[in-house]
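**Q** coordinates only, sequence not included:
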């Protein structure tokens, strides 16, 4: 079990629930990043363990294991998918200069789960400048269930974010989040290490809940994105439903949306 | 002089051509290349509304069709609901 200080706070979990991702800048030391980059370059970590392997059994003795054994990374994993998640797959993305951008997409297949979810890590072992075309994310897209690159028609979405930042930065995201690998316009090769994990326990109250009842902790749940348009209330209702699951509190409904439409009194007036 | 088609997809906040743009794509048959600013975060929409694009000479060739939510799926989210497709025909350099 991770110490509380390494777990996510309620406010961070609320941000994850609303936006579908969290970002941690320069979390992994640069020397470890450099060793990992060499492993990616040499193809040493291309091979995958069988899907379903307990995550703590993969990559023993390798630099990539050190990344995911980092105490804060362990706390992030435990907060989102529990202490002993299942390895799904990984992929070291190497993007050379030039080439085409990926279409915006959601990974893999339709995932209709309402509460349970997988997570994916995007780990950047090098500095990524804007012209290197780091991963593009569409905040608040994790409830929009779409089939892979059927959303490829969307080139620009108001509010989308592109990663650029320092080596050692990690993004962790809900696997339904829309994203794409962008075109690399620089002279440098771009590296991004992706890992998907599955939960093996109910994803409820796994984080540091000391601030669960602080007034400010749940404030991120209220936000919505400019691209949601007139559907922003439906988005917020999905956020509320998700938080009901995460917090194991079926009564959570701060804007009264669900309480209103589920009100079908059985009592007869007397 | 030959003319090539440009397609502008504008996705709007509601079904009105006057509503704000929430997403867009441009497929330029003149250059045959991805638009400048394609997938670049922070890029502003080319117009504030479909109506503004029409005022600039774009012809609307598809408007969104309103469909009722299927029972039980009223709160499901998936694709962007309001898609307008506009076109222009521009002279193409033969050289």
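**A** Here it is on my side, so go on. Small disclaimer: the values here were computed from a predicted structure and weren't measured.
**Q** what's the offset of stretch A:94-114 from the middle of its chain?
**A** 14 Å (C-alpha atoms, centre = their mean, to the nearest Å).
**Q** repeat for stretch A:11-22
**A** Using C-alpha atoms, centre = their mean, the offset of stretch A:11-22 from its chain centre is 9 Å.
**Q** how about residues contacting it?
**A** A:8, A:76, A:79-80, A:137, A:139-142, A:171-174, A:176-177, A:207, A:211, A:214, A:216-223, A:239, A:242-243, A:246 (C-beta atoms under 8 Å, 6 or more residues apart in numbering or on different chains). For every residue, glycine as well, the C-beta is placed using N, CA and C.
**Q** and the buried ones among these, selectable in ChimeraX?
**A** Buried subset of these, written as a ChimeraX selection, criterion 16 or more other C-beta atoms under 10 Å in any protein chain shown:
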select /A:8,76,79,80,137,139,140,141,142,171,172,173,174,176,177,207,211,217,218,220,221,223,239,242,243,246
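**Q** for chain A, give me the ranges with low pLDDT.
**A** Along chain A, segments meeting pLDDT under 70 span A:99.
**Q** closest point of it to chain B, which residue?
**A** In chain A, the residue that lies nearest chain B is residue A:229 (3.3 Å; C-beta to the nearest C-beta).
**Q** quick check: the gap between the one residue sitting closest to the centre of chain A and residue A:76.
**A** By C-alpha atoms, centre = their mean, the mean C-alpha position of chain A lies nearest to residue A:173, the distance being 0.6 Å. Separation of residue A:173 from residue A:76 (C-beta to C-beta, to the nearest Å): 11 Å.
**Q** residue B:30 against residue B:1, yeah?
**A** No: with contacts counted by C-beta atoms under 8 Å, residue B:30 stays clear of residue B:1, the gap being 11.6 Å.
**Q** near chain B, which residues of chain A show up?
**A** Residues of chain A lying near chain B by C-beta under 8 Å from any C-beta of the partner chain: A:100-101, A:104, A:136, A:143-146, A:150-151, A:153-158, A:160-162, A:180, A:182-183, A:226-231, A:234-235, A:237-238.
**Q** among these, which ones are in strands?
**A** For the residues of chain A next to chain B, membership in strands holds for A:136, A:156-157, A:161-162, A:180, with DSSP state E as the criterion.
**Q** of all the residues you listed, which comes closest to residue A:24?
**A** Using C-beta to C-beta, residue A:161 comes nearest to residue A:24 of those, at 14.8 Å.
**Q** I'd guessed that closest one sits against residue A:135; true?
**A** No: judged on C-beta under 8 Å, residue A:161 makes no contact with residue A:135 at a distance of 9.2 Å.
**Q** compare neighbour counts for the two and give me the winner.
**A** Applying other C-beta atoms under 10 Å in any protein chain shown to residue A:161 and residue A:135 shows that residue A:135 carries more neighbours, namely 23 against 18.
**Q** chain A contacts on chain B?
**A** Going by C-beta under 8 Å from any C-beta, the residues of chain B near chain A are B:9, B:11-14, B:19-26, B:34-35, B:37-43, B:45, B:75-82.
**Q** give me the low-pLDDT residue ranges for chain B?
**A** Using pLDDT under 70, chain B drops low at B:94-95.
**Q** number of nearby residues for the single nearest residue of it relative to chain A?
**A** Closest residue of chain B to chain A, C-beta to the nearest C-beta: residue B:13 (3.3 Å). Number of residues near residue B:13 (other C-beta under 10 Å) recorded here: 22.
**Q** now it: closest residue in space that isn't a chain neighbour?
**A** Nearest residue to residue B:13 in three dimensions, chain neighbours excluded: residue A:229, at 3.3 Å (C-beta to C-beta, 6 or more residues apart in numbering or on different chains).
**Q** burial of residue A:122, as a residue count?
**A** Other residues close to residue A:122 by other C-beta under 10 Å number 22.
**Q** how about the one 5 residues further on?
**A** In terms of burial, residue A:127 registers 16 neighbours under the definition other C-beta under 10 Å.
**Q** contacting residues for residue A:91?
**A** Residue A:91 touches A:193-194, counting by C-beta under 8 Å, 6+ apart.
**Q** helix or strand: which one has it?
**A** Assessed by DSSP states H and E, residue A:91 sits inside strand A:86-95.
**Q** and that strand, which residues are buried?
**A** A:86-88, A:90, A:92, A:95.
**Q** circling back to that earlier point, out of the ones in strands among the residues of chain A next to chain B, flag the one nearest to residue A:43.
**A** residue A:180 (24.1 Å).
**Q** for the closest one, give me its contacts.
**A** Contacts for residue A:180 were tallied using C-beta under 8 Å, 6+ apart; they are A:101-105, A:135-136, B:39.
**Q** redo those as TSV? Include distance to residue A:115.
**A** Formatted as TSV, the contacts of residue A:180 follow (distance: C-beta to C-beta, whole Å):
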residue	distance to residue A:115
A:101	33
A:102	29
A:103	29
A:104	25
A:105	23
A:135	26
A:136	27
B:39	31
